[in-house]
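A.B. asks: Just to be clear, the model below is a prediction. Sequence and coordinates:
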Amino acid sequence: MKLAMAQIDSTADKDANLAKVRAAVADAAGADLVVFPEFTMYEHAEVGPWFVEAAEPLDGPFCTELAAIARNGGVHLAAGILESIPGENRAYNTIVVYAPSGELVAKYRKLHLYDAFGLRESDIIRPGEDFEPVTFTVNGVKVGVMTCYDLRFPESARSLADAGVDLALLPASWAPGHRKEDHLQVLTRARAIENTYFLATVCQAPPMATGGSLLVDPMGIVVGELGEVPALAVYEIDPERVTQVRRKNPCLSNRRFGVVARVAVG
């Protein structure tokens, strides 16, 4: 399966963001799955109510256009949106996945909110309530979904391993800060090593985020890394690599603890 990682620089202009998605899908000709960052729909340098104001339902104009781009490009497409919640003064931070038919085949509402490093995502975002792993399949490769800050919680990554994924996606808008780029790479590699699957972190480019999107294989090897500007790269994902690594490193079958979700939400 061919994976395209599209590191774009979203802004508060939704139409401009859609144009970047269209261009990336066109440039990713031959890819089976094109992955975009968290907040592909709308991104802003400061957290505030404007994020909620920008939110739309899943059948709104932005997602309708994402579905059309997937259909016209003949690809699976994963991207981050702000999903409106009727009667709520917050939105969901949602990753949507569309099939080449334009059908919505998966949606993941971010569980762990970024109330850290001086920011409070929970002021504008409601955490997801569904703790079941979100997965879909592309050309025989089982794919799971997390979002950004979830990377700091090994339970999220482990739940996808329990669900049998070969590849985990992490759309992100990794906030800049002291040593934050190091954290992104170290944690991406650690989660891939722990769970012996491919992990693709696809981040917003600067200035909104750190950039540095990367693909790590099940042995923790960095297969590819993007820099500090908008960029796109295509990689081959071979599930046989997962099988080979797990023969050498059967840590998942050797473990003696499982994952239990804490069901309280804020």
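C.D. replies: Thanks, I have the structure now. Residues are numbered from 1 along each chain as shown.

A.B. asks: which ones are touching the closest residue to V216 other than its chain neighbours?
C.D. replies: Leaving aside its chain neighbours, V216 sits nearest to A192 (4.1 Å; criterion: C-beta to C-beta, 6 or more residues apart in numbering). For glycine as for every other residue, the C-beta is placed from the backbone atoms N, C-alpha and C. Going by C-beta atoms under 8 Å, 6 or more residues apart in numbering, A192 touches 168, 198-199, 216-218, 220.

A.B. asks: Compile the residues you listed into JSON lines and extend it with columns for neighbour count.
C.D. replies: Below are the contacts of A192 laid out as JSON lines (neighbours: other C-beta atoms under 10 Å):
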{"residue": "A168", "neighbour count": "29"}
{"residue": "F198", "neighbour count": "27"}
{"residue": "L199", "neighbour count": "29"}
{"residue": "V216", "neighbour count": "24"}
{"residue": "D217", "neighbour count": "22"}
{"residue": "P218", "neighbour count": "23"}
{"residue": "G220", "neighbour count": "17"}
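
A.B. asks: and of the residues you listed, the nearest to E129?
C.D. replies: A168 (20.9 Å; C-beta to C-beta).

A.B. asks: if I look at M1, how far off is G128?
C.D. replies: Noted for M1: a distance of 26 Å to G128, by C-beta to C-beta, to the nearest Å.

A.B. asks: Torsion angles phi and psi at A68?
C.D. replies: With angles defined as degrees, to the nearest 10, A68 sits at phi -70, psi -40.

A.B. asks: quick revisit: wait, is the residue nearest to V216 part of a helix?
C.D. replies: Yes. Looking at A192 with DSSP: H, G, I helix; E, B strand; the rest coil, it is inside a helix.

A.B. asks: Can you check the pLDDT for it?
C.D. replies: On the pLDDT scale, A192 is placed at 98.

A.B. asks: With the one 10 residues further on instead?
C.D. replies: Per-residue pLDDT puts V202 at 98.

A.B. asks: In which helix or strand does it reside?
C.D. replies: V202 belongs to strand 198-203 when assigned by DSSP states H and E.

A.B. asks: Run through the neighbouring helices and strands of that strand.
C.D. replies: strand 2-7, strand 167-172, helix 180-195, strand 214-216 (3 or more C-beta pairs under 8 Å, 6 or more residues apart in numbering; DSSP states H and E).

A.B. asks: Go again with 6 Å.
C.D. replies: Where contact means 3 or more C-beta pairs under 6 Å, 6 or more residues apart in numbering; DSSP states H and E, strand 198-203 is packed against strand 167-172, helix 180-195, strand 214-216.

A.B. asks: deepest of those, which one?
C.D. replies: strand 167-172 (a mean of 28; mean count of other C-beta atoms under 10 Å).

A.B. asks: List just the one of the helices and strands packed on strand 198-203 that sits closest to D27.
C.D. replies: That would be strand 214-216 among the helices and strands packed on strand 198-203, by C-beta to C-beta, at 17.1 Å.

A.B. asks: Name the next helix or strand downstream of that closest one, please.
C.D. replies: Criterion used, DSSP H and E; the element after strand 214-216 is strand 222-225.

A.B. asks: for that next one, the distance to its chain's centre please.
C.D. replies: 16 Å (C-alpha atoms, centre = their mean, to the nearest Å).

A.B. asks: for stretch 181-192, same thing?
C.D. replies: 14 Å.

A.B. asks: picking that back up, can you list the helices and strands packed on strand 198-203 in CSV and add distance to V35?
C.D. replies: Putting those into CSV (distance: least, C-beta to C-beta, whole Å) gives the following:
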stretch, distance to V35
strand 167-172, 6
helix 180-195, 14
strand 214-216, 10
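
A.B. asks: Can you tell me which of these is nearest to A79?
C.D. replies: Within the helices and strands packed on strand 198-203, the stretch nearest A79 is strand 167-172; the backing value is 7.1 Å (C-beta to C-beta).

A.B. asks: Can you spell out which helices and strands pack onto that closest one?
C.D. replies: Checked by 3+ C-beta pairs under 6 Å, 6+ apart, strand 167-172 has strand 141-145, strand 198-203 packed alongside it.
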